[in-house]
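Colleague: Coordinates only, no sequence provided:
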């Protein structure tokens with residue numbers, strides 16, 4: 001059997017998941033988790049300040065949702081994350097492109113970049129808040145730094161992996177630097193760049209919460225501090241679950257953007 005026939009045969013045999021099942025699978029896992037949580041609560045019979053039941057957490061969520069507290073703090077954290085993603089991703093892309101063109105500068109800055117990326121943000125956040133205050137700016141800076149390094153590494157990897165033959169072809173066609181960037185380098189680096197952005201999206205949520213836990217009067221991290229101080233574990237659960245939901249939605253938004261931006265790859269696989 002020839003290679004094209006093998007591929008076609010494999011595609012016919014591979015199971016295709018319907019859109020309904022794509023929704024039911026994660027929904028089923030959530031229901032299973034809630035059931036295990038309720039069973040654990042019923043068996044251990046722990047006090048509510050140690051382990052609240054799912055109903056207690058739901059009641060707490062409805063309470064802060066109806067009085068506007070939940071949306072106020074959620075929107076503040078979301079603003080920090082989106083600004084951090086925008087600034088950190090843009091800075092990493094521009095600096096990564098510059099370093100890919102100037103190899104000596106990359107070698108010069110490599111120890112600084114590696115050392116900075118290895119620092120735990122929870123240790124740096126107090127210093128940044130002392131320097132820039134406890135307002136929005138310091139939180140956005142923490143998110144930006146958290147996003148910066150994974151995106152920077154992926155930009156460098158993506159640009160360096162561009163086939164040399166294509167560079168020579170563009171050079172033979174007298175392409176301008178802008179044409180090389182938009183027609184060759186950016187499309188070639190886009191898959192790796194978007195992969196780094198997916199990682200940066202989840203890390204930006206961690207950066208925002210680290211900054212809010214250190215010093216803040218707004219945001220989901222502030223709610224966690226309030227719940228911890230008042231032994232209101234249900235409030236802590238609401239804030240943590242809201243963070244998980246927000247991080248998951250942002251991740252899937254970037255994943256959808258990646259599929260839309262790389263639709264040409266799917267077309268290529270189907271037609272070659």
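Modeller: Sure thing, it's come through. Here the structure is a predicted model, which is why all the values come from computation and not from measurement.

Colleague: Help me confirm that residue 125 comes into contact with residue 208.
Modeller: No - under the criterion of Cβ atoms under 8 Å, residue 125 makes no contact with residue 208, lying 10.4 Å away. (Each C-beta comes from the backbone N, C-alpha and C, glycine too.)

Colleague: Name the residues contacting each of the two.
Modeller: The contact sets of residue 125 and residue 208 overlap at residue 142 (Cβ atoms under 8 Å, 6 or more residues apart in numbering).

Colleague: Between these two, which has more neighbouring residues?
Modeller: Set side by side, residue 125 and residue 208 show more neighbours around residue 208, with 30 against 23, by other Cβ atoms under 10 Å.

Colleague: Can you tell me the element that one falls in?
Modeller: According to DSSP states H and E, residue 208 maps onto helix 186-214.

Colleague: Identify each buried residue in that helix, please.
Modeller: 186-190, 192-214 (16 or more other Cβ atoms under 10 Å).

Colleague: do the same with stretch 134-148
Modeller: Buried-residue list, stretch 134-148, by 16+ other Cβ under 10 Å: 134, 136, 138-148.

Colleague: Could you save the residues you listed as JSON lines and add columns showing secondary structure and distance to residue 172?
Modeller: Converted to JSON lines, the buried residues of stretch 134-148 look like this (DSSP: H, G, I helix; E, B strand; the rest coil; distance: Cβ to Cβ, whole Å):
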{"residue": "134", "secondary structure": "coil", "distance to residue 172": "56"}
{"residue": "136", "secondary structure": "helix", "distance to residue 172": "50"}
{"residue": "138", "secondary structure": "helix", "distance to residue 172": "50"}
{"residue": "139", "secondary structure": "helix", "distance to residue 172": "49"}
{"residue": "140", "secondary structure": "helix", "distance to residue 172": "44"}
{"residue": "141", "secondary structure": "helix", "distance to residue 172": "44"}
{"residue": "142", "secondary structure": "helix", "distance to residue 172": "46"}
{"residue": "143", "secondary structure": "helix", "distance to residue 172": "43"}
{"residue": "144", "secondary structure": "helix", "distance to residue 172": "40"}
{"residue": "145", "secondary structure": "helix", "distance to residue 172": "41"}
{"residue": "146", "secondary structure": "helix", "distance to residue 172": "42"}
{"residue": "147", "secondary structure": "helix", "distance to residue 172": "37"}
{"residue": "148", "secondary structure": "helix", "distance to residue 172": "36"}
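
Colleague: Nearest to residue 224, out of these: which one, please.
Modeller: Nearest to residue 224 among the buried residues of stretch 134-148: residue 139, at 14.4 Å, using Cβ to Cβ.

Colleague: Now do the contacts for the closest one.
Modeller: Here residue 139 is in contact with 80, 84, 208, 211, 212, 216, 219 (Cβ under 8 Å, 6+ apart).

Colleague: Of these, which one scores lowest on pLDDT?
Modeller: Within the contacts of residue 139, pLDDT reaches its minimum at residue 216, with 84.

Colleague: before we move on, what SS does it have?
Modeller: Three-state assignment for residue 216 (DSSP: H, G, I helix; E, B strand; the rest coil): coil.
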